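Novice: Have a look at this fold, sequence not included:
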């Protein structure tokens, strides 16, 4: 039964809350790197480089929060990805965007547009009830993890890849898969870090879209984050998922920019076009 308690009006995020949300987004990539056998990671103040050895450019990223020397920053990023060449992209926090745009364009990077960082604050006391027939479970076995990857392959329109077993014990991550009639159709991950319930890797197989499956899954993720002591939820939204998140009460507080490296287009499911 839904709560009858009046919902509090959303508060403007403080600088401290904004910083925790952004830190949670970086923790997402760190956790994936720790779980992946072939991953490579480098970090220094203002930047994080992660190569997950993936065929998708959005999973191999140079993340810039600030760049006092953009030429040096891009030199370092390009050198990092030359070690194990894979499609890759640059994600810019608003603090890095003014300095990085011209250097990126000069090197042939493609501006993929703005992607919103969205906040849910406060987290509702009760989760949305899943539609009839949908069963959402935390991933605890390799078989469930493989089901998650099968749903992800369908959701993103990419070939199935066997998952990294390290996901089952990754620090701060809880993976979820939703089954409808015994078939995995929706998936997502909770990143509980910095007091924020980060929502990541959400997708719905085509056969499960427009049925409220993603809405129920995301609600379950943030509710479990609340139970773990998180006081707000945060996610990075693609065009495909934006309406689902806005419908749950998430609102945009940051606009990241994504620039794809030459020869590294974003997957269509991420670009939304």
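Specialist: Yep, it's here. Keep in mind it's a predicted model, so treat the numbers as computed, not measured.

Novice: Can you report phi and psi for residue 245?
Specialist: phi -70, psi -40 (degrees, to the nearest 10).

Novice: Could I get the contacting residues of it?
Specialist: Contact partners of residue 245, counting by Cβ atoms under 8 Å, 6 or more residues apart in numbering, are 118, 218, 235, 237. Quick note: C-beta positions are derived from backbone N, CA and C, even for glycine.

Novice: Dihedrals phi and psi, the first one?
Specialist: I take that to be residue 118. The phi/psi pair for residue 118 (degrees, to the nearest 10) is phi -120, psi 140.

Novice: follow-up on the earlier one: closest to residue 248 among the contacts of residue 245?
Specialist: Closest approach to residue 248 among these (Cβ to Cβ): residue 218, at 6.1 Å.

Novice: Run a quick neighbour tally on that closest one.
Specialist: 27 (other Cβ atoms under 10 Å).

Novice: That one against residue 188, yeah?
Specialist: Yes: using Cβ atoms under 8 Å, residue 218 is in contact with residue 188, at 6.5 Å.

Novice: Can you pull the residues that touch both of these two?
Specialist: Residues touching both residue 218 and residue 188 (Cβ under 8 Å, 6+ apart) are 199, 202.

Novice: So what touches stretch 77-97?
Specialist: Contact with stretch 77-97 is made by 22, 38, 40, 42, 46-47, 49, 51, 53-58, 60-67, 100, 104, 107, 109, 112, 254-261, 263-266, as judged by Cβ under 8 Å, 6+ apart.

Novice: okay, how far is it across that stretch, tip to tip?
Specialist: Chord length of stretch 77-97, first to last residue, is 16 Å (Cα to Cα, to the nearest Å).

Novice: Flag every buried residue along it.
Specialist: 77, 80-81, 86-94, 96-97 (16 or more other Cβ atoms under 10 Å).

Novice: what would the residues you listed look like in TSV with pLDDT?
Specialist: Conversion of the buried residues of stretch 77-97 to TSV gives the following (pLDDT from 0 to 100):
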residue	pLDDT
77	97
80	97
81	96
86	94
87	95
88	96
89	96
90	97
91	96
92	96
93	95
94	94
96	95
97	95
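
Novice: still on that earlier bit, in terms of model confidence, name the weakest of the contacts of residue 245.
Specialist: For the contacts of residue 245, the minimum pLDDT belongs to residue 237; the value there is 92.
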